[in-house]
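[1] Would you be able to build a 3D model of this:
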Amino acid sequence: MHVAIAGNIGAGKTTLTKLLAKHYKWEAQFEDVVDNPYLDDFYNQMERWSFNLQIYFLNSRFRQILQIRESGKKIIQDRTIYEDAYIFAPNLHAMGLMTNRDFENYKSLFDLMESVVQSPDLLIYLRSSIPNLVNQIHKRGRDYENSISIDYLSRLNERYEAWIHGYDKGKLLVIDVDNLDFVDKPEDLGSVINRIDAELHGLF
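    Presented below is the predicted three-dimensional model:
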C-alpha cells in the first residue's frame, strides 16, 4: 500500500509522515532535501539552477515510486512526483525562471515517467494559509528557506488548489492544517488518523 502526503512548503508533510509511519507501522519515504546538490545554488540563483533542481527531484521521486511498488511494503511518502510536475516546475516557468525549452523537455520526461508509475492508493493534501506556512518555515529555521517570498508561496498555493481540485488519480483526503497541531495535541492527530482509517477501510 502506498499513501502519499502533499502540500506546500511548511504545511507539515514531514512531521505528519513521521507520526503516521509510527502509528501505522508503515515505512516512511522522505524527500531528498539533505543530499540535493542543487538546493543552495537554486535559492541563490533560481534562473540558472531551476531546471537542474527540478530534474534532480524528478529523478529522485521516480526512483522512489518504483522502489515503493517493488518493495510490496506499506509505505507513506513525503511529497509526490505530481507536485514537481504540476506545481513547482510550471510555477518556475511562469515566473520566467525556467526557459520554454527546458520546461518542454521537463514535461516530456515527466509524461513518460507518469505513463509507467502507479498513483498512490491514498493522497493526503495538507491545505494551509500563507500566514501559517510562513510561521512554520520561520519556526524550523532552514537557512536556504530564508529567501522564500510570500509571493512565491502564494503562487504555489494557487497551483496546489487548482491541482487538487482536478485530482482524479485515486482516493483523496484534504486536511485543513491551520488550526491543527499534530505534535502537541494528540486529539488533533487522532482526528486525522480517524479520517485516514475511514478512507482506507470505509468505516464511517
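[2] Could I get the full set of helices for this protein?
    13-24, 39-44, 46-71, 81-83, 89-94, 100-114, 130-140, 150-165, 186-201 (DSSP state H).
[3] Kindly reformat those as CSV and extend each row with distance to residue 172.
    Yep, even glycine has a C-beta here, placed from its N, CA and C like the rest. Shown next, in CSV, are the helices of the chain (distance: least, C-beta to C-beta, whole Å):
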stretch, distance to residue 172
helix 13-24, 15
helix 39-44, 29
helix 46-71, 18
helix 81-83, 12
helix 89-94, 20
helix 100-114, 17
helix 130-140, 21
helix 150-165, 7
helix 186-201, 8
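[4] and among those, the most buried is which?
    Mean neighbours per residue, mean count of other C-beta atoms under 10 Å, is largest over the helices of the chain for helix 81-83, with a mean of 22.
[5] how about residue 97, what does it touch?
    46-47, 50 (C-beta atoms under 8 Å, 6 or more residues apart in numbering).
[6] Could you single out the nearest of these to residue 125?
    residue 50 (24.2 Å; C-beta to C-beta).
[7] Does the closest one touch residue 98 like I think?
    Yes: counting by C-beta atoms under 8 Å, residue 50 sits close enough to residue 98 to count as a contact (4.5 Å).
[8] Now list whatever residues contact both of the two.
    Contacts common to residue 50 and residue 98, judged by C-beta under 8 Å, 6+ apart, are residue 92.
[9] what's the nearest residue to the residue nearest the centre of the chain if we skip its chain neighbours?
    Against the mean C-alpha coordinate of the chain, by C-alpha atoms, centre = their mean, the closest residue is residue 79 at 2.8 Å. The shortest distance from residue 79 to any non-neighbouring residue, by C-beta to C-beta, 6 or more residues apart in numbering, is to residue 31 (4.8 Å).
[10] And residue 85, by the same measure?
    Per C-beta to C-beta, 6+ apart, closest to residue 85 is residue 110, 4.3 Å.
[11] who touches the one you found in this structure?
    Contacts of residue 110 (C-beta under 8 Å, 6+ apart): 58, 81, 84-85, 89.
[12] Distance to residue 199 and pLDDT for those residues - can I get that in a markdown table?
    Below are the contacts of residue 110 laid out as a markdown table (distance: C-beta to C-beta, whole Å; pLDDT from 0 to 100):
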| residue | distance to residue 199 | pLDDT |
| --- | --- | --- |
| 58 | 27 | 94 |
| 81 | 21 | 93 |
| 84 | 24 | 91 |
| 85 | 24 | 95 |
| 89 | 28 | 96 |
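[13] and of these, the nearest to residue 39?
    residue 84 (13.7 Å).
[14] Now do the contacts for the closest one.
    So residue 84 contacts 54, 57-58, 61, 110 (C-beta under 8 Å, 6+ apart).
[15] Where does pLDDT dip in the chain?
    Applying pLDDT under 70 to the chain picks out residues 33-34, 144, 147, 203-204.
[16] do you know how far the residue nearest to the centre of the chain is from residue 37?
    Using C-beta to C-beta, to the nearest Å, residue 79 is found at 18 Å from residue 37.
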